[in-house]
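In: Sharing a model prediction with you, sequence too.
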Amino acid sequence: MENNAQHEGNHGGQGEKLKTSVYFCRCGSNIASRLNENAALLKIECQRDVSKVKAVNLLCSEEGKEFLKNDIMEDRPDRVVIAACSPREHELTFRGVLRDADMNPYLMQMANIREQAVWVTEDIDEATEKAVRLVRAAVSRVQKHEPLEEHEIEVCPDVLIIGAGPAGMKAALSIAQSGRKAVLVEKTPVVGGMPVLYEEIFPNLECGPCMLEPMMDEILHGEYSSNIELLTLSEVDELLGFYGNFVARIRKTPRYVDMDKCIGCAECFEPCPVQVRNTFNFGLDVKKAISFPFLGALPNAPYIDSRKCLRFIGEECTMCRESCPIEGAIAYEQEEEMIERKVGAVLVAVGADLYDPTNIPNLGYGKALGVYTSMEFERLLSSNGPTEGKIKNMGGSPPSSVCIVHCAGSLDENHKEYCSGICCQTAFKFNHMIESQLPGTRIIHLYKELVIPGKDDFSLHHEAKDNPNAEFVRYEDIRDINIYTPGEQENVQVDYRDASGREGSFMADMVVLCMALTPPAGSEELALKLGIPLDSSGFFEELHGRLDSVQSKVKGVYLAGTCRSPMDIQKALDQSMASAGYILSGLVVGRKLEVKPTVAEVDADRCGGCRICVSVCPFKAVEIDGETGKSSVNAVLCQGCGTCVAACPSGAIKGNHFTREEILAEIIGGLR
Amino acid sequence: MSEKPKLAMYWASSCGGCEIALVNIHEMILDVDAVFDFMFCPCLLDTKIKDIKALEDKAITLTLFNGAIRTTENEEMAHLLRRKSEVLVAFGSCAHEGCIPGLANLHRSEDFLESIYVDNPTIDNPESTYPLPECDMPEGTLSLPEFYDRVSTLAQVTDVDYFIPGCPPEPHQVRAVLQAVMSGEDLPPRGSVLGAGSAIVCEECARVKADKKITRLYRTYEIQPDTEACLLEQGILCMGVATRSGCGAPCLEANMPCTGCYGTPEGSMDQGARMSAALGSIIEVDGKGLSEDELARRFNKILDHIPDYAGLFYKYSMSSSIMKARRK
Ligand SMILES: Cc1cc2nc3c(=O)[nH]c(=O)nc-3n(C[C@H](O)[C@H](O)[C@H](O)COP(=O)(O)OP(=O)(O)OC[C@H]3O[C@@H](n4cnc5c(N)ncnc54)[C@H](O)[C@@H]3O)c2cc1C
């Protein structure tokens, strides 16, 4: 109120006339030449509520702004109307001028007489008439304006990162490098995500673990690692609060190995009497109940699988502890912990899963021997995998023919409608690796579409195309492929109908299914906990697919990597850096967060607690008070969209700067 | 004449329920009688209009005016009682917002006369005789009050000091208002609503509320509603979300949806518009991959379950809504 109160006397009281100045911008000749200026000014001048009208050549120019400022300082109007261009272009400019002139910037209204009047007709009289009406609407509206104040709140600059795949790790590092804390929460016992499981990485066929190793090392022991709190075997249980001021509750399940003490010598594995299927190798081999997921896994400390370890199913066994050279490294007494961290922003980088191949039974997965998913095949290729990198059927010999099925479940309205983007490259990577390990192997690619965009991706494709032992068969529908084991045979038969309708059949020793990439298991639950939406395919939904693809719909929650959409590592890292950029520039240490006043506000006396506002808010900005049952809008999260204002059946919610009275006055003014 | 302050109650276009609501304050009616000189109430007392005309202006301390303004007589009485009363209260939904009589604004008055006097299975009127405001007979001219084209609220024809919503107002609220008047405590500023809350019925409804998403609507006979959960969430069109609080939500306690009799909420200008905006916000159609036409079809299928929009959303507030009446 102060600003307005300085103005001589009359401000807002009922019946009192507010001093309202109209500034008419000619916009060079843009506006001036397309309407009858004198007539317009005359009509505006004699409008109800108008105290004065001034025409100016270019109000947004430096001289124009200076003039406006001085004129306002001299005149001290209660309200200002600027008849000029679209508020999208210059509302902020003129608000700034008002502020400089010591007047509350929200006591101004723009009438868009350029885009909405003179630019939509050639007819000078029509343009004049409409311009006058728009000004009248603005004058009528601005009478109802209230002075609004911007304010600031303190923020926490730390960041919660969920998922320690390449995307999560990269962001954690850059946050840490800027001197800020990152809490990196990883569900599994290891960091590195999917790519640590690959022997080679397309397009340049670098060794996966080697490529990621430096990044992982930096996270664990690098210059800035003290700024990163890595929580493995952990998941976010609850996220409260809002941008700048979140509180995350993290459930940390025990590793039963003290990471600070364990030196990773692996002495405990041998004595352990229990064998379990190794989920990191997709059950293709076994490991001990205490072990690393795979050789070279980081952090360099084993974990105990408590579902299988004898101690946890009621038996007394201390074999691992007995064999451990370090006192206290095996820690049976560890318990599940609930950890609470205050953070200002959250990055979701939980990666993806593969589409379940049993959803397409004709592909023979789980029935015919030698049928693998692409991830399983990655493990077969991997020197720390179940076959130590030898391409062979489990227990069998190297294949003389491999069938690679592209687009399995992708581009398919019965399964996943989208293209998974990475499968072509993965298949060509496989083509290369098979050919270099087992030259002369027959490789049959069954594909629906080939997608090879970008400047790097063609070379593996060319190589596959040029491979004389590789064949390409295009199919139209995944149902046209039938993979099965005929009779007692060791290998599989592949029957197919190609895109031109021709039927064919061949025998293969091995089949690799390049399954579609899907949102990770548990993403619905996680989305609910974080209060962010998923899109129609189940991936985490971006604020805007083009302009803001790393922001979620909730302010302060960002997205990176394959949890947002299928993509390769390069794109995942680009996104993680983009998110880090948003976070570093949005939450600056020592700078407060500006809260806009143009948000929705609930009048608690009128709120009946029906919760419709909660249901409709796309930004999760509305909360219900547990005690009173009434709703309130969080001004930091609110984007001022007005959805709740329109939906509130009791009329208890007011959209600041778009109140019912203001809108009604504008309509009435325009129609008068 | 007694020195006691005078109390009057009048019915314009109404059903008589408001008079019952007054008597429904039970024994307190004796206190009212002790404090006031209850001197005019056509439903209960035999005072004549000429007696009222004979009073000095503002001689009546409190007039509870119920009923909407449908005829010239209603309006004349409104002006007369305004003149003679210190405090004029629009009592009950008809006087406040038009209520059921206000729904007549969806039709033309000729249509009513026709279906009442001519096109009606229990009427035998071969010459199509209609009642007329004036009719010359050998004995002289007979007159009837004129039937207006539109039903108005009390405040649309004269100044009203206070409004008491409800169809009819709940006894505890009538009691509270009379108590306040009798005890001489300061009343809220003129123009206020008395005997009601400032929020919506949900505030008083004990049902558990969750986030609202409706995928189909039910009429009350189509479903046995859960007695604990919000009815609207169960797909029953409960007007409670768009209705002023104050009644105490007795219908909801009886497992029936609110029909909206306490009228437009404090913060709103149009009860029906509020309800449709709210409903539009919570009806959910799984639109994944659907064409716009298909989406519209599915929405309409849900909405087809509303048999009578106006009768449902504007049952009590047609006359005071933004549109007020059908246009042509
Ligand atoms: C078979 C195959 C081969 C591929 N080969 C290549 C290649 O050669 N080159 C290339 O560029 N791209 C390749 N890709 C794509 C590559 O895997 C992805 O681009 C990359 O994994 C994306 O990284 P990310 O960090 O987003 O997700 P991920 O690598 O999936 O990491 C996500 C991490 O989040 C963790 N997590 C999941 N849920 C939670 C939770 N709720 N809480 C905490 N943590 C959680 C996971 O355990 C994991 O550690 C391949 C993909 C497939 C399927």
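Out: Everything's here; your move. Numbering: from 1, shown residues only, chains lettered A, B, ... in the order given.
In: Outline the domain layout of the chain.
Out: No chain specified, so I'll use chain A. What the record gives for chain A is the domain set A:2-148, A:353-518, A:596-656, from automatic domain parsing.
In: oops, I was thinking of chain B
Out: Taking automatic domain parsing as the domain assignment, the ranges for chain B are B:6-101+B:149-183, B:111-147, B:201-313.
In: what's the most buried one of those domains?
Out: For those, ranked by mean neighbour count under the definition mean count of other CB atoms under 10 Å in any protein chain shown, the leader is domain B:6-101+B:149-183 at a mean of 20. (C-beta placed from N, C-alpha, C; glycine too.)
In: for that one, how far is the first residue from the last?
Out: Across its full length, domain B:6-101+B:149-183 reaches 15 Å between end residues, using CA to CA, to the nearest Å.
In: contacting residues around whichever residue of the stretch 101-250 of chain A sits closest to chain B?
Out: With CB to the nearest CB, the shortest gap between the stretch 101-250 of chain A and chain B falls at A:Lys144, namely 14.7 Å. For A:Lys144, the set of contacting residues under the criterion of CB atoms under 8 Å, 6 or more residues apart in numbering or on different chains consists of A:Thr659, A:Glu661, A:Glu662, A:Ala665.
In: Likewise for A:Val402?
Out: Residues near A:Val402 by CB under 8 Å, 6+ apart: A:Ile391, A:Phe430, A:Ile434, A:Thr441, A:Arg442, A:Ile443, A:Ile444, A:Ala508, A:Asp509, A:Met510, A:Val511, A:Val512.
In: In PyMOL, how would I select just the buried ones from those?
Out: Only the buried entries of the contacts of A:Val402 go into this PyMOL selection, using 16 or more other CB atoms under 10 Å in any protein chain shown:
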select buried, chain A and resi 391+430+434+441+442+443+444+508+509+510+511+512
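In: which ones among the contacts of A:Val402 are found in strands?
Out: When DSSP state E is applied, the contacts of A:Val402 are split such that A:Arg442, A:Ile443, A:Ile444, A:Ala508, A:Met510, A:Val511, A:Val512 fall in strands.
In: For the closest residue to chain A within the stretch 201-328 of chain B, give me its contacts.
Out: In the stretch 201-328 of chain B, no residue comes nearer to chain A than B:Gly267, which is 2.9 Å away by CB to the nearest CB. Each residue near B:Gly267 by CB under 8 Å, 6+ apart is listed here: A:Asp603, A:Arg606, A:Cys648, A:Ser650, A:Gly651, A:Ala652.
In: Excluding covalently adjacent residues, which one is nearest to the third one?
Out: Here the nearest residue to A:Cys648 in space, its sequence neighbours aside, is A:Cys613; by CB to CB, 6 or more residues apart in numbering or on different chains that works out to 5.7 Å.
In: Next up, the contacts around that neighbour.
Out: Neighbour list for A:Cys613: A:Val602, A:Val622, A:Ser631, A:Val633, A:Cys644, A:Ala647, A:Cys648, A:Ile653 [criterion: CB under 8 Å, 6+ apart].
In: can you pick the most crowded of the residues you listed?
Out: For the contacts of A:Cys613, the largest number of neighbours (other CB atoms under 10 Å in any protein chain shown) sits with A:Cys648, at 34 neighbours.
In: after the strand or helix carrying A:Glu525 comes which helix or strand?
Out: Counting by DSSP states H and E, the element that carries A:Glu525 is helix A:523-530. Toward the C-terminus, helix A:523-530 is succeeded by strand A:542-544 as the next helix or strand (DSSP H and E).
In: So which bits of the stretch 551-672 of chain A are right by chain B?
Out: Those residues of the stretch 551-672 of chain A that sit near chain B, judged by CB under 8 Å from any CB of the partner chain, are A:603, A:605-612, A:614-616, A:629, A:643, A:646-652, A:660.
In: mind redoing it with 7 Å?
Out: Within the stretch 551-672 of chain A, the positions near chain B by CB under 7 Å from any CB of the partner chain are A:603, A:605-612, A:614-616, A:646-647, A:649-652.
In: what does stretch B:301-313 rub up against?
Out: B:Leu103, B:Leu106, B:Arg216, B:Leu217, B:Arg219, B:Leu237, B:Gln271, B:Gly272, B:Met275, B:Ser276, B:Ile283, B:Met318 (CB atoms under 7 Å, 6 or more residues apart in numbering or on different chains).
In: Find the nearest non-adjacent residue to the second one, please.
Out: Setting aside the residues directly before and after it, B:Leu106 is nearest to B:Arg326 in space (CB to CB, 6+ apart), at 4.9 Å.
In: SS state for the one you found?
Out: Secondary structure state of B:Arg326, per DSSP: H, G, I helix; E, B strand; the rest coil, is coil.
In: Give me the pLDDT value at it.
Out: In this model, B:Arg326 is scored at 88, pLDDT.
In: Run a quick neighbour tally on it.
Out: 13.
In: hmm, stretch A:521-528 in reach of chain B?
Out: No: no part of stretch A:521-528 sits near chain B under the criterion CB under 7 Å from any CB; the closest distance found is 11.7 Å.
In: hmm, who's touching that stretch?
Out: Judged by CB under 7 Å, 6+ apart, the contacts made with stretch A:521-528 from elsewhere in the structure are A:Val350, A:Asp353, A:Pro533, A:Leu534, A:Gly538, A:Phe540, A:Cys563.
In: Closest to A:Val22 out of these?
Out: When the contacts of stretch A:521-528 are compared for distance to A:Val22 (CB to CB), A:Pro533 wins out at 43.8 Å.
In: Just confirm that closest one contacts A:Lys553, I think it does.
Out: Yes: using CB atoms under 7 Å as the test, A:Pro533 is close enough to A:Lys553 to be in contact (5.6 Å).
In: Counting neighbours, go ahead and name the busier of these two.
Out: Neighbour totals were compared for A:Pro533 and A:Lys553, and A:Lys553 leads with 19 against 15 (other CB under 10 Å).
In: so who does that one touch?
Out: By CB under 7 Å, 6+ apart, the contact list for A:Lys553 reads A:Ile532, A:Pro533, A:Glu541, A:Leu543, A:Pro618, A:Phe619.
In: Of the residues you listed, which qualify as buried by neighbour count?
Out: Of the contacts of A:Lys553, these count as buried by 16+ other CB under 10 Å: A:Ile532, A:Glu541, A:Leu543, A:Phe619.
In: which one among those residues gets closest to chain B?
Out: When the buried ones among the contacts of A:Lys553 are ranked by distance to chain B (CB to the nearest CB), A:Glu541 comes first, at 12.7 Å.
In: For the closest one, which non-adjacent residue is spatially closest?
Out: Counting by CB to CB, 6+ apart, the nearest residue to A:Glu541 once its immediate chain neighbours are dropped is A:Asp535, at 4.1 Å.
In: swap in A:Lys465?
Out: Computed as CB to CB, 6+ apart, the closest residue to A:Lys465 that is not its neighbour in sequence is A:Phe472, at 7.5 Å.
In: May I have the strands that pair with the helix or strand harbouring that neighbour, each with its orientation?
Out: Element membership for A:Phe472 (DSSP H and E) is strand A:470-474. Strands adjacent to strand A:470-474 in the sheet, as given by DSSP bridges, are strand A:442-447 (parallel).
In: got CSV for the contacts of A:Lys553, with pLDDT and distance to the ligand too?
Out: Shown next, in CSV, are those (pLDDT from 0 to 100; distance: CB to the nearest ligand atom, whole Å):
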residue, pLDDT, distance to the ligand
A:Ile532, 92, 13
A:Pro533, 92, 16
A:Glu541, 95, 16
A:Leu543, 93, 18
A:Pro618, 83, 23
A:Phe619, 83, 22
